[in-house]
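Trainee: Here is a sequence with its predicted model. Questions after.
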Amino acid sequence: MSELVFFSGTMDCGKSTLALQIEHNRSARGLQGVVFTRDDRAGQGRLSSRLGLVREAVEVTGDMDVYGFLVDRLSAGGKADYVIVDEAQFLAPDQIDQLARVVDDLGIDVFAFGITTDFRTRLFPGSQRLIELADRIETLQVEALCWCGARATHNARTVGGEMVVEGAQVVVGDVGHPAGEVGYEVLCRRHHLRRTTAASARAGVLSPDVLPVTSA
């Protein structure tokens, strides 16, 4: 039976690397797949990992019918033995519905990769719909680490090393961006709640909006 599988985790836990590995393993055995992505750090029409691996991909636009794209491909004599979708959190909920239809109506496995929550700890609409529809949800086993050494569970948006909690849900960036640029950092829940990034911890700065935790 074909499946819709959602591989989820924080930033920096190897989602795109696993997507590329799954694609390599299947293509090496003569299977032909379609790789989709949206707003990849390497630019449009690319799937990239932080290990430096890059391959071309189909860029999903806001009004794209993913199911229709695959039907047109198959009708024109093309093949699609599997589908890989990276940065799936950026897809619209109706596009996730289309991926489920690819599985159910076309009998094609779909492997979707994405983060579940944004920098405000709110579910991305695409990820929420995947959680609702996926046949399986797999949590990536490569644990990203907070600067304190604990397991990172939350994604933080930073500007100049300082965590920000307001702004558009989608702003393309990456971990480790230079100071002054919009970047991202993975934090444990404790330090996300305290808004303590690696830079602010080194400087001994506590956000003025966050009260220190005191013992009872």
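Mentor: That came in fine, so what should we check first?
Trainee: okay, residue 17: pLDDT?
Mentor: At residue 17, the model reports a pLDDT of 83.
Trainee: next one: residue 177
Mentor: At residue 177, the model reports a pLDDT of 53.
Trainee: Would you check how far apart residue 124 and residue 88 are?
Mentor: To residue 88, residue 124 is 9 Å away according to CB to CB, to the nearest Å. Where C-beta positions appear, they are placed from N, C-alpha and C, glycine not excepted.
Trainee: Common neighbours of those two, please.
Mentor: residue 114 (CB atoms under 8 Å, 6 or more residues apart in numbering).
Trainee: More neighbours: the two, which one.
Mentor: Neighbours per residue (other CB atoms under 10 Å) separate residue 124 from residue 88, with residue 88 holding more: 30 against 21.
Trainee: How about the contacts made by the more buried one?
Mentor: Counted by CB under 8 Å, 6+ apart, residue 88 has contacts 6, 96, 112-114, 126-127, 130.
Trainee: Most widely separated two among those residues?
Mentor: The span of the contacts of residue 88, defined through CB to CB, is set by 96 and 113 at 12.9 Å.
Trainee: Mind listing residues that contact the helix or strand hosting residue 183?
Mentor: Residue 183 is located in strand 182-187, with elements delineated by DSSP states H and E. In this structure, residues lying in contact with strand 182-187 by CB under 8 Å, 6+ apart are 10-13, 119, 144-147, 152-159, 163, 171, 173-177, 196-198.
Trainee: Is it possible to mark the buried ones in those residues?
Mentor: 10-13, 119, 144, 146-147, 152-158, 163, 173, 175, 177, 196-198 (16 or more other CB atoms under 10 Å).
Trainee: Could you dump the contacts of residue 88 into a markdown table and include pLDDT and secondary structure?
Mentor: Output for the contacts of residue 88, formatted as a markdown table (pLDDT from 0 to 100; DSSP: H, G, I helix; E, B strand; the rest coil):
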| residue | pLDDT | secondary structure |
| --- | --- | --- |
| 6 | 97 | strand |
| 96 | 98 | helix |
| 112 | 97 | strand |
| 113 | 93 | strand |
| 114 | 92 | strand |
| 126 | 97 | helix |
| 127 | 96 | helix |
| 130 | 98 | helix |
